[in-house]
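In: next input, structure requested:
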Amino acid sequence: MDSAAEVSQETGFAGDSGAAKIQERLQRRHQTRIEDAERRKVAKESQSVAEEKGEYFYSTFNKERASIEELLSSCSGADRAVLTQKLEEATAKTLQLQKFLNDSLLFLTQYDLGQAQAALQKLQTSLAETREEGLPKKKFAFRARTKAADKVSAPVSDTPSPDAGPPADAGSTEVDGAAAQCGFSNMDNVHLTKTAEEIQRGDVLLTHLTNCKVRLLGSPSTLHMKHIDSCEILCGPVSSSVFVDQCRNSTLAFPCQQLRTHNTTNTQVYLHVTSRAIIEDCRGVSFAPFSWSYPTLEEDFAVSGLDRDRNNWSQVDDFNWLAAGTPSPNWTVIPEEDRKTTWDP
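Out: Numbering: from 1, shown residues only. Prediction:
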């Protein structure tokens, strides 16, 4: 083979190699375009599905909310038997609506979730007010403490104040044979306990408590805490919502579906929550995972219907802090070494 032929052959090989590389680049570019187009298609379909789910959620949520509001409106002027039946129906519908909201968390935006939770809280407040107006609770009467009451409420100090009168009975009262809302109010420096048999999956109200230790065993439907000062309050799984208002210098522990906390300062919360906790007008609130335990806790979790494996204890939304990407200064996570693990002697 002469020199010219050899050059021609080498040039040909070089040309084939360059063409192959160009072809390879073109194929990679084409593949990249196909993959980008597929990703855009999937993203568009996902967005469309999310929008459809969102539209379905709001349509269903608003329809059910209107149904409950209409049911509560019809309670006006109803006799006791009819009123009781309507309130039971409204309570059941409200719990179903709460579950529907919790099942929709994955595709709701933070803003939409806050709006829905606020609407649900307003509905729950309206339900409580309608019950209070139609089936008012009997005022607590001051009377001599019974042995049963001693088991429920034992003073921290064995030496009563010389100025102290007979203690109030903290158990549930009855009005015309119907049990009043379960809870404790206007107490100072006492140990307080409610059993599952006393709570009976009902609403629990704690208000105006100072220097108290409270143990709520069982699974309440809702838990309301208001005007709490320097208390330790531990509660079993709450099947729907916990509302905290005007609480300070306290330690709280409970599992729940949702938590809304207002006007609270210097308070630790040991939390298991399946949605997201919300704080508003709060300072110095700190969070850690729920760690209290008692013999029937697992049974109460089953009764409550809460998801044991889903805990968003550190996912806190501060409605007073809208700076995206900057942590709210109003709440913190309790360092592991500072978390309480022993609750009862």
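In: please enumerate the helices of this protein.
Out: Using DSSP state H, the helices found in the chain span residues 3-73, 80-103, 110-134, 147-152, 196-199, 297-304.
In: worst mean pLDDT among these?
Out: Across the helices of the chain, helix 147-152 has the smallest mean pLDDT, namely a mean of 40.
In: got the contact list for the closest residue to C282 other than its chain neighbours?
Out: Closest residue in space to C282, ignoring its immediate chain neighbours: T264 at 4.7 Å, by Cβ to Cβ, 6 or more residues apart in numbering. The way it works is simple: take the backbone N, C-alpha and C, and place the C-beta from them, glycine included. Contacts for T264 (Cβ atoms under 8 Å, 6 or more residues apart in numbering) come out as V244, D245, Q246, C247, R248, I279, C282, V285.
In: let's see that with 6 Å instead.
Out: Contacts for T264 (Cβ atoms under 6 Å, 6 or more residues apart in numbering) come out as V244, C247, C282, V285.
In: which of the residues you listed are buried? Put it as a ChimeraX command.
Out: Typed into ChimeraX, the line below selects the buried ones among the contacts of T264, using 16 or more other Cβ atoms under 10 Å:
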select :244,247,282,285
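In: in a markdown table: the contacts of T264, plus distance to L87 and pLDDT.
Out: As requested, the contacts of T264 are arranged in a markdown table below (distance: Cβ to Cβ, whole Å; pLDDT from 0 to 100):
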| residue | distance to L87 | pLDDT |
| --- | --- | --- |
| V244 | 24 | 95 |
| C247 | 28 | 97 |
| C282 | 32 | 95 |
| V285 | 33 | 97 |
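In: mind putting the contacts of T264 into TSV with distance to F100?
Out: Converted to TSV, these look like this (distance: Cβ to Cβ, whole Å):
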residue	distance to F100
V244	24
C247	29
C282	28
V285	28
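In: and the gap between N249 and N266?
Out: Applying Cβ to Cβ, to the nearest Å, the value for N249 to N266 is 5 Å.
In: ok, R339 next?
Out: Distance of R339 to N266, computed by Cβ to Cβ: 16 Å.
In: partners of the most centrally placed residue in the chain in the sheet?
Out: Nearest residue to the geometric centre of the chain (Cα atoms, centre = their mean): Q258, 1.3 Å. Counting by DSSP bridges, Q258 is bridged to S241.
In: do I have it right that it meets S240?
Out: No - counting by Cβ atoms under 6 Å, Q258 does not reach S240; the two are 7.3 Å apart.
In: count of residues packed around the closest residue to L72 other than its chain neighbours?
Out: Nearest non-adjacent residue to L72, counting by Cβ to Cβ, 6+ apart: T130, 5.0 Å away. The tally of other residues near T130 (other Cβ atoms under 10 Å) stands at 19.
In: kindly report the same for T84.
Out: Around T84 there are 16 residues (other Cβ under 10 Å).
In: distance of it from R131?
Out: From T84 to R131 the distance is 9 Å (Cβ to Cβ).
In: with V244 instead?
Out: When V244 is compared with R131 (using Cβ to Cβ), they lie 21 Å apart.
In: residues contacting the closest residue to L216 other than its chain neighbours?
Out: Closest residue to L216 apart from its sequence neighbours, by Cβ to Cβ, 6+ apart: C235 at 4.0 Å. Residues near C235 by Cβ under 6 Å, 6+ apart: L216, L223, F254.
In: tell me the contacts of the last one?
Out: With contacts defined as Cβ under 6 Å, 6+ apart, the neighbours of F254 are C235, V238, V242.
In: can we see that at 10 Å?
Out: 216, 220, 223, 225, 233-238, 242, 244, 269-273, 290, 292 (Cβ atoms under 10 Å, 6 or more residues apart in numbering).
In: for burial, what's the neighbour tally of A81?
Out: 8.
In: returning to what we had before: give me the common contacts of Q258 and S240.
Out: With Cβ under 10 Å, 6+ apart as the test, Q258 and S240 both reach Q98, L101, N102, L120.
In: who touches both of T84 and R131?
Out: C75.
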